[in-house]
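Colleague: Here you go, sequence then predicted model.
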Amino acid sequence: MHIWDLRAAALLAACLIFLPSTSFAEDPVTQGCQSEIDDAPLCSCAAKSLRQFLGANSFKRYEAFFAIYVERHAEQIARGGETLSAWNGAMGRYAKESGEDQFEVMDWVQDYQYAHRYALKACGATVPDSDLDKSLLFYGESR
Amino acid sequence: MNFRALRFAAVLPLCLLIASCDSASGATDGVMMRCQEMAVRQPELNLDPKKGCACVGKKLQTFLLDEHYSLLERYSALITQIALAQPNLRGLESHDRALAALAGERGIGVGEMNELLSASVPFSLVQLAEQLCSE
């Protein structure tokens, strides 16, 4: 086999190994959304729209918060805990790790969460009244 | 091609580009007008009336559903007209008048219009867009 054929074969193999995992990898915002709403296309649509609205830097900040939330949420559920304590705990840990003031973190998380909620609705999410109190993304929604 | 034709050919795409950018930013729509008026009246917002407001308009236009954006656009145009015509009015009074005018246009009650507007265009989103686009 010629050296160029070998290189092409190696490149193709690398693509086959890495492409599926990267193209299907979910961002933490989509993952966190799916822990509440079991609808991957809906969560992905909302995250995409939110990313466009917030802009790259702010979305990155929300992603960093959500990465902590997803981790804590899994721990809480495994221990039989509540989603809300995972959410509050994530805000605290994010503030500690980033050095941001905790109240500022609470403020922007609430603002971005509000926008996230709009994006979910715009993407077609409907949440029954009975589930509003249970859903963090829809927490505080007026009936 | 002579030199003049070359110059014309170079300038034309630039003009087209500027024209398309201007219309994409929603330069003449109510949201932009309202934003510019607010940016001038409230310097603490740190919003550049041109760049900042174009950013706000673009964010809201791409994020909000079309029918929600149209409602916001009309409301913004009305409240700007009212505020410019009567600069001494307080913010809440201008809002009430714009709401009444919008309700009249749509043939519904003011209360119903208020509910429709706040349900379709969360004002915290508008504030967030302003915040994200501030300097």
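Modeller: Thanks, I have it. Numbers count the residues shown, from 1 in each chain, chains lettered A, B, ... in the order given.

Colleague: And residue B:44, how close does it get to residue B:92?
Modeller: Applying C-beta to C-beta, to the nearest Å, the value for residue B:44 to residue B:92 is 19 Å. In short, each C-beta sits where N, CA and C put it, glycine included.

Colleague: swap that for residue B:37, please
Modeller: For residue B:37, the distance to residue B:92 - C-beta to C-beta - is 16 Å.

Colleague: Just give the nearest non-adjacent residue to the residue in chain B positioned nearest to chain A, would you?
Modeller: Nearest residue of chain B to chain A: residue B:63, at 4.1 Å (C-beta to the nearest C-beta). Spatial nearest neighbour of residue B:63, chain neighbours left out: residue A:53 (4.1 Å); criterion: C-beta to C-beta, 6 or more residues apart in numbering or on different chains.

Colleague: And the next helix or strand past the helix or strand residue B:100 falls within?
Modeller: In the assignment (DSSP states H and E), residue B:100 maps to helix B:91-106. For helix B:91-106, the following helix or strand on the C-terminal side (DSSP H and E) is helix B:110-120.

Colleague: Pull out the buried positions in the helix or strand following that next one.
Modeller: Moving toward the C-terminus from helix B:110-120, the first helix or strand encountered (DSSP H and E) is helix B:123-132. Residues of helix B:123-132 classed as buried: B:125-126, B:128-132 (neighbour count, 16 or more other C-beta atoms under 10 Å in any protein chain shown).

Colleague: Helix B:123-132 packs against which elements?
Modeller: Secondary-structure packing of helix B:123-132 (3 or more C-beta pairs under 8 Å, 6 or more residues apart in numbering or on different chains; DSSP states H and E): helix A:40-54, helix A:102-122, helix B:51-63.

Colleague: Could you export the ones you listed as JSON lines, including distance to residue B:83, mean pLDDT and mean neighbour count?
Modeller: Formatted as JSON lines, the helices and strands packed on helix B:123-132 follow (distance: least, C-beta to C-beta, whole Å; pLDDT from 0 to 100; neighbours: other C-beta atoms under 10 Å in any protein chain shown):
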{"stretch": "helix A:40-54", "distance to residue B:83": "26", "mean pLDDT": "95", "mean neighbour count": "20"}
{"stretch": "helix A:102-122", "distance to residue B:83": "26", "mean pLDDT": "92", "mean neighbour count": "18"}
{"stretch": "helix B:51-63", "distance to residue B:83": "15", "mean pLDDT": "95", "mean neighbour count": "21"}
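
Colleague: any chance of those helices in TSV, with distance to residue B:78 too?
Modeller: Compiled in TSV, these are given as follows (distance: least, C-beta to C-beta, whole Å):
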stretch	distance to residue B:78
helix A:40-54	25
helix A:102-122	23
helix B:51-63	17
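
Colleague: Go through those helices and name the closest to residue B:70.
Modeller: helix B:51-63 (10.2 Å; C-beta to C-beta).

Colleague: is it true that residue A:123 touches residue A:46?
Modeller: Yes. Assessed by C-beta atoms under 8 Å, residue A:123 is found in contact with residue A:46 at 4.9 Å.

Colleague: how close does residue A:114 sit to residue B:66?
Modeller: From residue A:114 across to residue B:66, the span is 20 Å (C-beta to C-beta).
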